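# when you get a sec, could you give me coordinates for this:
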Amino acid sequence: MKRNLILVKLKEYILHQVLDSKSIGLDETTPLLEWGVINSIEIVHLLSFIQKEFAIEISPSQMTADHFSTLGTITDLVLASSVSSDSAQS
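Numbers count the residues shown, from 1 in each chain. Alright, predicted model coming up:
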């Protein structure tokens, strides 16, 4: 999975599903938790989107604020989880 493609899909999800298409200058480094863009309820919805869109599971041990602080950290989490899923299936 390409990092840029994951980033674009996550950004589109947050822009349309969380922000109702309101522009806040959302980019890879926007502090999502700090600015209140996402909260615990939104993270649950985001996890569901990630599971469906990328066919991966995020383990409970990975569900930390550090992993959900920016689009970049969420993208890295998806990449790491997809690598783990690929390894487990081999």
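# so residue 53: helix, strand or coil?
With DSSP: H, G, I helix; E, B strand; the rest coil as the basis, residue 53 sits in helix.
# can you get me a residue count around it?
Neighbour count of residue 53, defined by other CB atoms under 10 Å: 13. Backbone N, C-alpha and C define where each C-beta goes, glycine included.
# leaving out sequence neighbours, find the closest residue to it.
Among residues not flanking residue 53 along the chain, residue 9 sits closest, at 6.1 Å (CB to CB, 6 or more residues apart in numbering).
# over to residue 17?
residue 45 (7.0 Å).
# residue contacts, the most centrally placed residue in the chain?
The centroid of the chain falls nearest to residue 74 when counting by CA atoms, centre = their mean (3.8 Å). Taking CB atoms under 8 Å, 6 or more residues apart in numbering as the criterion, residue 74 is in contact with 10, 32, 46, 50, 67, 68.
# which two in these are spaced the farthest apart?
Among the contacts of residue 74, the pair separated by the greatest distance (CB to CB) is 32 and 50, at 14.0 Å.
# coming back round to it: can you tell me which of the contacts of residue 74 is nearest residue 17?
For the contacts of residue 74, the nearest to residue 17 is residue 46 (8.4 Å; CB to CB).
# now do the contacts for the closest one.
Taking CB under 8 Å, 6+ apart, one finds 13, 14, 18, 38, 68, 74 in contact with residue 46.
# now with 10 Å?
Going by CB atoms under 10 Å, 6 or more residues apart in numbering, residue 46 touches 10, 13, 14, 17, 18, 32, 38, 58, 68, 74.
# could those go into CSV alongside distance to residue 26, pLDDT and secondary structure?
Formatted as CSV, the contacts of residue 46 follow (distance: CB to CB, whole Å; pLDDT from 0 to 100; DSSP: H, G, I helix; E, B strand; the rest coil):
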residue, distance to residue 26, pLDDT, secondary structure
10, 10, 98, helix
13, 11, 97, helix
14, 7, 97, helix
17, 12, 95, helix
18, 10, 95, helix
32, 9, 97, coil
38, 11, 96, coil
58, 21, 94, coil
68, 14, 97, helix
74, 12, 98, helix
